[in-house]
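S.K.: Return atomic coordinates for the entry below.
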Amino acid sequence: METPVKLSVEEYMEREAQSEYKSEYHAGEIVAMAGASRNHNIVVVNLLKKLALCLEDKNCITLPSDMLLKLPVCEKYVYPDIVIVCGEEKYEKYKGIDVLLNPTIIIEVLSISTAHYDSHEKLECYLTLESLQEYWLVDSEKVSVKSYKRQSNND
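M.R.: Residues are numbered from 1 along each chain as shown. The predicted structure follows:
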């Protein structure tokens, strides 16, 4: 069995800038993004609408799933379903792609295919971000929201 060829971040960004489809970068490996179910999309749209209204007068911005996020400790670049940034937004630019560095809240809408990844591996990676204050897992199949909130001592 051949060892998969690992790509550099620069090679990934070059491919991502030219690609018609989104993919994530996982420590040198490219992971294609799957399409979302109807329920998943409805939940994301409804959350985006409500959050945008709630945060209208705050110093926060709500961003949809096209916002690429850097997870340096995990050597990943991912597309969360929803990201909220309060205060100054910080970005790196690669090949014309804005890469967010400082999310305040990340929301993942769970699907059958992503639930385990979102609630375990992604959770661990997201918690390495100093700016992150909350992480929400919203189930697309039943009424269920699980939230993780950073405590004042950075737990």
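
S.K.: What ranges does this protein have for its helices?
M.R.: For the chain, the helices defined by DSSP state H occupy 9-18, 38-54, 115-119, 121-126.

S.K.: And for Y117, the neighbour number?
M.R.: 14 (other CB atoms under 10 Å). Glycine gets a C-beta too; all of them are placed from N, C-alpha and C.

S.K.: Please read the previous query as pertaining to L51.
M.R.: Neighbour tally, L51, other CB under 10 Å: 17.

S.K.: V85 versus that one, what's the distance?
M.R.: According to CB to CB, to the nearest Å, L51 stands 12 Å off from V85.

S.K.: again, but for C60
M.R.: C60 is 7 Å from V85, by CB to CB.

S.K.: can you check K93 too?
M.R.: 16 Å.

S.K.: Which one of the two is surrounded by more residues?
M.R.: Between K93 and V85, counting by other CB under 10 Å, V85 is the more crowded of the two (21 against 9).

S.K.: Give me the pLDDT for the more buried one.
M.R.: As predicted, V85 sits at a pLDDT of 98.

S.K.: Let me see the contact set for E89.
M.R.: 61, 100, 102 (CB atoms under 8 Å, 6 or more residues apart in numbering).
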